[in-house]
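**Q** Structure, please.
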Amino acid sequence: MSAVAAKTDRRFRRAHVKPGRKRRWRTVAKPLLLWSAAAAALGYGVYRTSVIVADAHVLLVDRIVVHGNERLSNGEVMGVLGGLRGESLVWTDLDVWRRRLMASPWVRDAALRRSLPSTVDVVVSERRPIGIGRLSGEMYLVDERGVIIDRYGPQYADFDLPIVDGLSAAPAETGSMTDESRAELAARVIAAVAAKPEIARRLSQVDVTDLHNATVILNGDHAVLQLGEDHFLARLQSYLDLAAALRERVADIDSVDLRFDERIYVRPNKGRKSEVRSTK
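**A** Residues are numbered from 1 along each chain as shown. Sure, this is the predicted structure:
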């Protein structure tokens, strides 16, 4: 039987099939996963390296250098910050140590800065006492906001400061022993008088019991001088200019009211007020 040649049917040819989407995503995802794994490994390596470096001896706090302190000794600062030595310079929380230092009543503000390789610089801003507050029979150094710095004693004998009365706060108002508004009034009086050192040296006592009428007493003069709540230096100067003439008229003066500028009212001891016109 002879073979019969048949024509090839083109309908049975294999068509060119495009790869499905799933296979394409696998092709893309595999390199991405490899790169992600490599990046994670690199990140972990960097982290571990930073931890090792941070814990290295050269990056442990070895020196604490203090600047700006005058009344607060280096030893007192180190007593607060002593535990900082040996801490990691990189990881230790300096804000925590700053808050501990701020708890000292002498410290108004403080800044702690890292300095490579193993040093922490501490810059201290101290409170400035404006006077010696008399509170419940005790004497304290106080600043312009009425913050009690320390109990006044022989160690502060070099301070030439006036005694300040009337600072006590109302018991139910705050937990503080002093009233900030009264302290601010006292601070304004003292700052104004400081412009004339010869008068400032004579300022012996300031009383701010009345928030609208500060009174003062000068060294060598027992008269109580009422200054009101402004023009403190000008009113004190006017009194000093007239003091000799006033004593010619009133030998024993209890108080002098200087709040009215053009008129000065003098109260003799155990007597009535007498008016004196200012020549200014």
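
**Q** which residues of the stretch 151-280 of the chain score low on pLDDT?
**A** For the stretch 151-280 of the chain, the stretches with pLDDT under 70 are 170-175, 271-280.

**Q** what ranges do the strands span in it?
**A** Assigned strands in the stretch 151-280 of the chain, in chain order: 163-165, 203-207, 214-218, 221-228, 253-257, 263-268, 274-277 (criterion: DSSP state E, counting those that start in this stretch).

**Q** Dump those into TSV; add mean neighbour count as well.
**A** C-beta coordinates here come from the backbone N, C-alpha and C atoms, glycine included. Formatted as TSV, those follow (neighbours: other CB atoms under 10 Å):
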stretch	mean neighbour count
strand 163-165	21
strand 203-207	20
strand 214-218	23
strand 221-228	19
strand 253-257	20
strand 263-268	17
strand 274-277	12
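
**Q** would CSV of those strands with distance to Ile64 be doable?
**A** Output for the strands of the stretch 151-280 of the chain, formatted as CSV (distance: least, CB to CB, whole Å):
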stretch, distance to Ile64
strand 163-165, 36
strand 203-207, 39
strand 214-218, 43
strand 221-228, 47
strand 253-257, 54
strand 263-268, 58
strand 274-277, 62
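
**Q** Please report how far Leu225 lies from Val266.
**A** 11 Å (CB to CB, to the nearest Å).

**Q** any common contacting residues for the two?
**A** Taking CB atoms under 8 Å, 6 or more residues apart in numbering as the contact rule, Leu225 and Val266 both touch 255-256.

**Q** And Ala191, how far from Ala200?
**A** 10 Å.

**Q** Give me the more crowded residue out of these two.
**A** Ala200 (17 against 14; other CB atoms under 10 Å).

**Q** my read: the more buried one touches Ala192, true?
**A** No: using CB atoms under 8 Å, Ala200 is not in contact with Ala192, being 9.4 Å away.

**Q** Can you tell me the SS state at Val65?
**A** Following DSSP: H, G, I helix; E, B strand; the rest coil, the label given to Val65 is strand.

**Q** Perfect, I'm done here.
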